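Student: the following comprises the amino acid sequence and a computationally predicted model.
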Amino acid sequence: MLRMRSRVAPLAALSIAILFLTGCKTLLEEMGGAEGVEMFNYAFGPSLLANPAVTPFLDVAAVEQVKKGIENEVAKASKVAPPNPDVDLRAVLRAKNLDSAARKGFKESARRSAELAQLSGSATGALMKLIDAAL
């Protein structure tokens with residue numbers, strides 16, 4: 001057991017050093033931390049509620065659940081404990097039975113919100129992949 005630890009510790013340190021040196025960031029870091037996720041959601045909620053393709057499916061309460069689900073998905077992708085463990089974005093969206101126009105509108109609202117939150121291209125791309133998986 002002790003021998004195994006002595007072999008694993010240098011590998012773990014090397015892995016951390018490589019990540020640090022190569023500048024690999026988690027999605028949460030790419031988005032600017034919790035504040036960046038909050039800025040995205042601050043823009044995303046009103047954008048969804050103003051989108052005529054989405055509003056027949058999502059009311060204010062559902063949009064609040066979606067925002068919590070986004071927080072969870074970003075946390076999970078970043079290997080961090082989800083802040084809202086009782087909310088699953090995919091389940092929330094599946095329960096609402098969005099049609100193709102609503103799904104398209106949902107994605108448009110997300111892209112617009114990412115721009116308003118000034119997310120980087122890589123953060124926006126990663127976030128859109130999470131949203132695509134949930135839809």
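Tutor: Received the coordinates, thanks.

Student: tell me which residues of stretch 113-128 are tucked away?
Tutor: Neighbour-count burial for stretch 113-128 flags 113-114, 117, 119, 123-124, 126-127 (criterion: 16 or more other Cβ atoms under 10 Å). Glycine gets a C-beta too; all of them are placed from N, C-alpha and C.

Student: residues contacting it, please?
Tutor: Contacts with stretch 113-128, where a contact means Cβ atoms under 8 Å, 6 or more residues apart in numbering, come from 27, 30-32, 36, 39-44, 47, 70, 74, 77, 107, 110-111.

Student: thinking again about what came up before, the buried residues of stretch 113-128 in helices, which ones?
Tutor: 113-114, 123-124, 126-127 (DSSP state H).

Student: out of those, which two sit at the greatest distance?
Tutor: The largest separation in those, counting by Cβ to Cβ, is between Ser113 and Ala126 at 14.4 Å.

Student: can you pull the contacts of the closest residue in space to Ala53 that isn't next to it in sequence?
Tutor: Excluding the flanking residues, the one nearest Ala53 by Cβ to Cβ, 6 or more residues apart in numbering is Gly105, at 3.2 Å. Going by Cβ under 8 Å, 6+ apart, Gly105 touches 51-54.

Student: so what secondary structure elements neighbour the host helix or strand of Val66?
Tutor: Assigned by DSSP states H and E, Val66 falls within helix 60-77. Where contact means 3 or more Cβ pairs under 8 Å, 6 or more residues apart in numbering; DSSP states H and E, helix 60-77 is packed against helix 27-30, helix 33-50, helix 89-96, helix 121-134.

Student: looking at the ones you listed, which is buried most?
Tutor: For the helices and strands packed on helix 60-77, the largest average neighbour count (mean count of other Cβ atoms under 10 Å) is found in helix 27-30, namely a mean of 20.
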